[in-house]
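Participant: Here is my input, please return the structure:
(chains A and B)
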Protein chains: 2
Amino acid sequence: MSVTAAKGFEAGGSVCGIKAGGAPDLAIVTTASRQPVAAAGVFTLNLASAAPVQVSRRHLGDGVASAVVLSSGNANAATGEQGRADALRMAELTAAGLGCATGDVLVCSTGLIGYPMPMAALESGIPALAADLNGAGAAAEAILTTDTVRKEAVAPVGDTAAVVGGMAKGAAMLMPAMATMLAVLTTDAAVDPVTLQLALARAVDDTFNQLCVDACTSTNDTVLALAGGASGVSIDDRAGAHALTDALTETCGSLAEQMARDAEGATKLARVTVCGARSDAEAHMAARTVARSQLVQCSLNGEDPYWGRILSELGVSGAVFDPEAVEIAYNGIVSCRNGIAAPHDAEALRKAMAGREVVIACDLGNGSGRAAVIFTDLSCAYIDENRGTS
Amino acid sequence: MSVTAAKGFEAGGSVCGIKAGGAPDLAIVTTASRQPVAAAGVFTLNLASAAPVQVSRRHLGDGVASAVVLSSGNANAATGEQGRADALRMAELTAAGLGCATGDVLVCSTGLIGYPMPMAALESGIPALAADLNGAGAAAEAILTTDTVRKEAVAPVGDTAAVVGGMAKGAAMLMPAMATMLAVLTTDAAVDPVTLQLALARAVDDTFNQLCVDACTSTNDTVLALAGGASGVSIDDRAGAHALTDALTETCGSLAEQMARDAEGATKLARVTVCGARSDAEAHMAARTVARSQLVQCSLNGEDPYWGRILSELGVSGAVFDPEAVEIAYNGIVSCRNGIAAPHDAEALRKAMAGREVVIACDLGNGSGRAAVIFTDLSCAYIDENRGTS
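Facilitator: Here you go, the predicted structure:
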């Protein structure tokens, strides 16, 4: 149920004909009442943001929304004026179908860049779906592109009766700030838009923005949250805001991990942790530089504990430290100490590298700054997936 | 003859036993007189610089050098105090063998990071090679690692009798500032060390630093230049300095292009040009962001003219422009104009993408800043090459 786990929300998904293969490609999430509720969004930082991002940003200006319409197969990006008109038309069709205001509908699209939206399919598909909201599972299915499984998560808001639920898509172009991803979260807690936005931004920063699959940031990345209040739980103090932030973070964290596990062609899930940096910011720079290194990704694919490459990437990250104070461990097995090779159990290390998950822990020995980034290996399957658009 | 094309230099290469397979792995370049001459160097910016880089930097402090000893198969990086002692010992052995001062010998190593240097091999190998300098070809061969061909180049210094000659290695981890590469250049022009350093830095900036294969910067990157003066041509005015800079740039440019053509697993050589940026610096940022994108590299591998990805990468580069003013062309065929798809001859474009070389021209429409970066596609062969260290 995920995105409808919170009381007061409905969702559905359908095949409307954007994707050539006949896979589900249209989803709607709405308040059951169709009334606008507090809403927040985090969007791609790409200058070339897609038309639906531009429309959603505008519609979020008043901090409320009733519904989200999402399509997959075509990004409606690099489509200019016509693209904006098409994204707005998607909001209009959704509003008409659901019975809410166009300005209260947010729009998300994902797929290929640079192609006009097939609006005929949406002109008939959106009204049909709005009239038959067949559930959160169908919605989560309809937003997928190269994903192989749907991503859904639910978390309680502290010890209250309220919950946060969400769905996401994303299997590549995963990069801090942000990913080629869409996510919609709902909660039945009551909260004002500003508090919701702050909580969402914090949750995204600690989850989706810690993920790095290929270091690409797309044109359409969007994370939206709607807070309806149907649980009767009200967020009106600092403790409540923390509980909501935690629930959003837990939900986003689960979705982010599901994305990493489903990453295109990946055979390994790796977490690089950096401690001992001068600041958390430098630790982040260092962890991201390691995570986005094609050579480190290749080593991971080959199950090769080549710590020399890790040290080399730390060295160009911009973080300041003494290379001869660095310690590097794979799944707790220290293979580099004081910047040089350390004696270790080679057989245990070989076994650790052969596992599905690897933790690479780097201690820069120069402070208390720390950070962690999740990434995956680079495989031929990734290249095959991304060689062509057809 | 390359690195000995300039009068007054000798070189040689041999098998000393660093590489397990018995391939050439030791080279020496020296002044024929063994006397120190003006010398300059550009080194990796990696904080974790290798021991030979640290020793060479120190020995270059006085702006002169007599010889360079280069080894391949082991980077002598992340080897700590012992590594520095070993690099210094390589200089001592070379000085003793050639009959020059230890402080006038520069040291370069390339290969795996984190392994102690096999000094027994060098203790016997360096004296033997110093006693039998068998030519520039053998030297150029001995510095290769995953390279498949040796890289050599020669250029005249203006219309004088002086020349610049050089050799290089490098087939991956090619990245602006800098590459996993070594290069040694010699000239028989007479020039003071400061002018030589400025000319070399400029040449490196315009050539090796415009190359991006996998965006990795290594621990050992080094470009050295020695200027002996045996041609009788003296660089003592601005015109002469320009002529020398041009000759160094031509030589380095040829070596850089040879490196890109020999890049690990690459099937394509691409040049991304950016114009219309607010500044050259922003144009560089934009070009580099495109060049280092795994997704763009995959598209190139698949011969897919997916301009949407190019636009997306431009959009996250940090350059400021209006996405709806952008024009993108592949080999002159404009497929994106004003930020949206442009009508074009699809068959001509298909043929252009099928070629070995592709030029991707991006006009940001926001100024006169321009830059170009050379890069290659990402292939399964690259991954295979880099999965393991064995």
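Participant: from the stretch 151-300 of chain A, which residue is nearest to chain B?
Facilitator: A:C298 (3.7 Å; CB to the nearest CB). C-betas here are computed from N, CA, C, even on glycine.
Participant: In this model B:S379 seems to touch that residue, though I could be wrong.
Facilitator: No. In terms of CB atoms under 8 Å, A:C298 does not count as a neighbour of B:S379; the distance is 11.8 Å.
Participant: before we move on, back to that, can I take it that the residue of the stretch 151-300 of chain A closest to chain B is in a helix?
Facilitator: Yes. Counting by DSSP: H, G, I helix; E, B strand; the rest coil, one finds A:C298 located in a helix.
Participant: any idea which residue sits dead centre in chain A?
Facilitator: Most central in chain A under CA atoms, centre = their mean is A:F208, positioned 4.5 Å from the mean C-alpha point.
Participant: Once you drop chain neighbours, what's closest to that residue?
Facilitator: Closest residue to A:F208 in three dimensions, ignoring its sequence neighbours and counting by CB to CB, 6 or more residues apart in numbering or on different chains: A:A256, at 5.1 Å.
Participant: Would you mind measuring from the residue located most distally from the centre of chain A to A:V334?
Facilitator: Relative to the mean C-alpha coordinate of chain A, counting by CA atoms, centre = their mean, the farthest residue is A:P343 (39.1 Å). For A:P343, the distance to A:V334 under the criterion CB to CB, to the nearest Å works out to 9 Å.
Participant: quick one: low-confidence parts of the stretch 101-250 of chain A?
Facilitator: For the stretch 101-250 of chain A, the stretches with pLDDT under 70 are A:171-180, A:212-217.
Participant: need the helices for it, in chain order.
Facilitator: In the stretch 101-250 of chain A, the segments counted as helices under DSSP state H, counting those that start in this stretch are A:119-130, A:136-142, A:193-206, A:238-261.
Participant: Can I get those in CSV including mean neighbour count?
Facilitator: Compiled in CSV, the helices of the stretch 101-250 of chain A are given as follows (neighbours: other CB atoms under 10 Å in any protein chain shown):
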stretch, mean neighbour count
helix A:119-130, 19
helix A:136-142, 25
helix A:193-206, 20
helix A:238-261, 21
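Participant: can I get the ones you listed in TSV with distance to B:D192?
Facilitator: Supplementary listing: the helices of the stretch 101-250 of chain A in TSV, determined by distance: least, CB to CB, whole Å:
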stretch	distance to B:D192
helix A:119-130	69
helix A:136-142	69
helix A:193-206	53
helix A:238-261	56
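Participant: Kindly format the C-alpha coordinates of whichever strand or helix holds A:C362 as PDB.
Facilitator: Remark: A:C362 resides in strand A:357-363, with elements defined by DSSP states H and E. Taking only C-alpha atoms (Å, rounded to 0.1, in the frame of the first residue of the first chain), the coordinates of strand A:357-363 have been written out as PDB:
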ATOM      1  CA  GLU A 357      27.600  -6.000   0.200                       C
ATOM      2  CA  VAL A 358      30.900  -4.400   1.000                       C
ATOM      3  CA  VAL A 359      31.700  -1.600   3.500                       C
ATOM      4  CA  ILE A 360      34.800   0.400   2.700                       C
ATOM      5  CA  ALA A 361      35.800   2.300   5.800                       C
ATOM      6  CA  CYS A 362      38.400   5.100   5.400                       C
ATOM      7  CA  ASP A 363      39.900   7.000   8.400                       C
END
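Participant: Buried residues, it. List them.
Facilitator: Buried residues in strand A:357-363, counted by 16 or more other CB atoms under 10 Å in any protein chain shown: A:V358, A:V359, A:I360, A:A361, A:C362, A:D363.
Participant: Return the member of those nearest to A:V164.
Facilitator: Distance to A:V164 across the buried residues of strand A:357-363 (CB to CB) is lowest for A:V359, with 27.3 Å.
Participant: From chain B, how far off is the closest residue to A:V64 other than its chain neighbours?
Facilitator: Spatially, and ignoring its direct neighbours in sequence, A:V64 is nearest to A:P36 (3.9 Å; CB to CB, 6+ apart). Distance, A:P36 to chain B, using CB to the nearest CB, to the nearest Å: 30 Å.
Participant: The stretch 1-150 of chain A against chain B: which residues are in contact?
Facilitator: Taking CB under 8 Å from any CB of the partner chain as the measure of proximity, the stretch 1-150 of chain A contacts chain B at A:45-49, A:75, A:77-80, A:82-83, A:112-116.
Participant: Among these, which lie within helices?
Facilitator: Cross-referencing the residues of the stretch 1-150 of chain A next to chain B with the helices (criterion: DSSP state H) gives A:G80, A:Q82, A:G83 as the overlap.
Participant: Can you name the residues that contact the last one?
Facilitator: Read that as A:G83. When contacts are counted by CB atoms under 8 Å, 6 or more residues apart in numbering or on different chains, A:G83 is found next to A:A50, A:A51, A:N76, A:A77, A:P116, A:M117, B:I340.
Participant: Are any of these buried, and if so which?
Facilitator: Neighbour counting over the contacts of A:G83 (16+ other CB under 10 Å) leaves A:A50, A:A51, A:N76, A:A77, A:M117, B:I340 as the buried ones.
Participant: The nearest residue to A:A260 once chain neighbours are set aside: what secondary structure?
Facilitator: Distances taken as CB to CB, 6+ apart place A:I374 nearest to A:A260, at 5.0 Å, with adjacent residues excluded. For A:I374, the secondary-structure state derived from three-state DSSP is strand.
Participant: sec struct for A:M285, please.
Facilitator: Following three-state DSSP, A:M285 is assigned to helix.
Participant: which residues touch stretch A:145-153?
Facilitator: If you take CB under 8 Å, 6+ apart as the criterion, stretch A:145-153 is touched by A:1-3, A:72-73, A:110-111, A:136-137, A:140-141, A:144, A:165-172, A:250-252, A:254-255, A:258-259, A:262, A:264, A:385.
Participant: what's the distance between that stretch and the middle of its chain?
Facilitator: Remark: stretch A:145-153 is offset 11 Å from the chain centroid, using CA atoms, centre = their mean, to the nearest Å.
Participant: Report the buried residues of that stretch.
Facilitator: Going by 16+ other CB under 10 Å, stretch A:145-153 has these buried residues: A:T145, A:T146, A:D147, A:R150, A:K151, A:E152, A:A153.
Participant: Now do the domain split for chain A, please.
Facilitator: Using automatic domain parsing, the domains assigned to chain A come out as A:2-261, A:269-386.
Participant: Show me what the mean pLDDT comes to for stretch A:258-265.
Facilitator: The average pLDDT for stretch A:258-265 rounds to 80.
Participant: Report how far apart the opening and closing residues of it are.
Facilitator: Start to finish, the residues bounding stretch A:258-265 are 14 Å apart (CA to CA, to the nearest Å).
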